[in-house]
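J.: Let's see this in three dimensions:
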Amino acid sequence: MIPNVVHFVYIKERPWKLHHYLSIKSATRLNPEKINIWLDKEPEGEWWELTKPLVELHFVDPPTEIFGTPITQPAHKSDVIRLQVLLEYGGIYADTDTIFVKPFNDILNNKFVLGQQGVDGCEGLCPAVILSEKDSTFGQYWLAGFNEHFKGGPPGSDTWCTHSVHYPLWLSKQPHMVNEITTLKHEAFFWPLYHQHHIEMLFEQNHKFENAYSHHLWESSGKEYLDTLTIDHIKNQNTTFTNIVKDLI
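T.: Residues are numbered from 1 along each chain as shown. Below you'll find the predicted structure:
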């Protein structure tokens, strides 16, 4: 029921780096019908030039408000765009710091799919990977829920994740939503997490996660590793991250 079409969103508030290119390149592992990127402006640089042939570009005007509440954070603008795109077209949304490791074929036969953030979903349901059929009921309710739950707080504030992580977990447990969403365990998309010892599992140690469909690189938490990343580093290091991207370079 979910189209095998991949969607990324890019709001030009940061440069396009090697790991962003690897994220897009890894989406080819899904054998998708196409890879879309929804953006306000094109990035520049060598990694964007390598990325561009892999994607179909769609230019959008990022929202400045929703239900009368101002949207100031690029991440929150992306939250709105990704749900609007999935409702209109259906498919697979992923953040640009996602590395896909295997096809999604066995989970496409659903209405809406989210992965748990934290063991037993203790932190919520993370929106960095979302699978949705066109006009999904869960997606409609989630977007409508911004009316009461979106507060637009900055990173680290109490309201940073209210609408994007905590609300979908609550919504998924409502009786009328039980048959509208499939939630996957924490290992599916978002393990290891963003805590320092988890970041070290990704970028300093070497582990295999057999149940992973993708890994999130937690761009903010892994900044010291990603900002200095080079092709030589990927070729010569033996870590969880380098081993899942070696064949992409």
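J.: can we go C-alpha only for contacts and neighbour counts from here?
T.: Will do.
J.: Please save the CA atoms from the longest helix belonging to the chain in PDB.
T.: In the chain, taking DSSP state H as the definition, the longest helix is helix 74-89. Provided in PDB are the C-alpha atoms of helix 74-89 (Å, rounded to 0.1, in the frame of the first residue of the first chain):
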ATOM      1  CA  PRO A  74      14.100  24.700  10.000                       C
ATOM      2  CA  ALA A  75      13.500  21.300  11.500                       C
ATOM      3  CA  HIS A  76       9.900  22.200  12.300                       C
ATOM      4  CA  LYS A  77       9.300  23.600   8.800                       C
ATOM      5  CA  SER A  78      10.500  20.200   7.500                       C
ATOM      6  CA  ASP A  79       8.100  18.400   9.900                       C
ATOM      7  CA  VAL A  80       5.200  20.100   8.200                       C
ATOM      8  CA  ILE A  81       6.500  19.600   4.600                       C
ATOM      9  CA  ARG A  82       7.200  15.900   5.100                       C
ATOM     10  CA  LEU A  83       3.700  15.200   6.300                       C
ATOM     11  CA  GLN A  84       2.200  17.300   3.500                       C
ATOM     12  CA  VAL A  85       4.300  15.400   0.900                       C
ATOM     13  CA  LEU A  86       3.400  12.000   2.300                       C
ATOM     14  CA  LEU A  87      -0.300  12.800   2.400                       C
ATOM     15  CA  GLU A  88      -0.300  14.000  -1.200                       C
ATOM     16  CA  TYR A  89       2.000  11.300  -2.700                       C
END
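J.: Mean confidence (pLDDT) on the very next helix or strand once past it, please.
T.: Downstream of helix 74-89, the next assigned helix or strand under DSSP states H and E is strand 91-94. Here strand 91-94 scores 98 as its mean pLDDT.
J.: Pairing partners for strand 91-94, with directions?
T.: strand 5-10 (parallel), strand 124-132 (antiparallel) (DSSP bridges).
J.: Same list (the ones you listed) but as CSV, adding mean pLDDT.
T.: Below are the strands paired with strand 91-94 laid out as CSV (pLDDT from 0 to 100):
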stretch, mean pLDDT
strand 5-10, 98
strand 124-132, 97
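J.: Columns mean neighbour count and distance to Thr51 on top of those, output as TSV?
T.: Shown next, in TSV, are those (neighbours: other CA atoms under 10 Å; distance: least, CA to CA, whole Å):
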stretch	mean neighbour count	distance to Thr51
strand 5-10	24	12
strand 124-132	25	20
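J.: Now tabulate those strands in CSV and tack on distance to Asp95.
T.: Converted to CSV, those look like this (distance: least, CA to CA, whole Å):
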stretch, distance to Asp95
strand 5-10, 6
strand 124-132, 5
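J.: returning to that earlier point: which residues sit against the longest helix of the chain?
T.: Applying CA atoms under 8 Å, 6 or more residues apart in numbering, the contact partners of helix 74-89 are 7-11, 13, 62-64, 71, 92-93, 127, 132-136, 139-140, 143, 152, 164.
J.: Quick check on these: which are buried?
T.: 7-11, 62, 71, 92-93, 127, 132-136, 139, 143, 152, 164 (16 or more other CA atoms under 10 Å).
J.: if I pick the residue nearest to Gly90 when sequence neighbours are not counted, what's in contact with it?
T.: Counting by CA to CA, 6 or more residues apart in numbering, Gly90 lies nearest to Lys134, which is 4.0 Å off, once chain neighbours are set aside. Contacts for Lys134 (CA under 8 Å, 6+ apart) come out as 2, 86-91.
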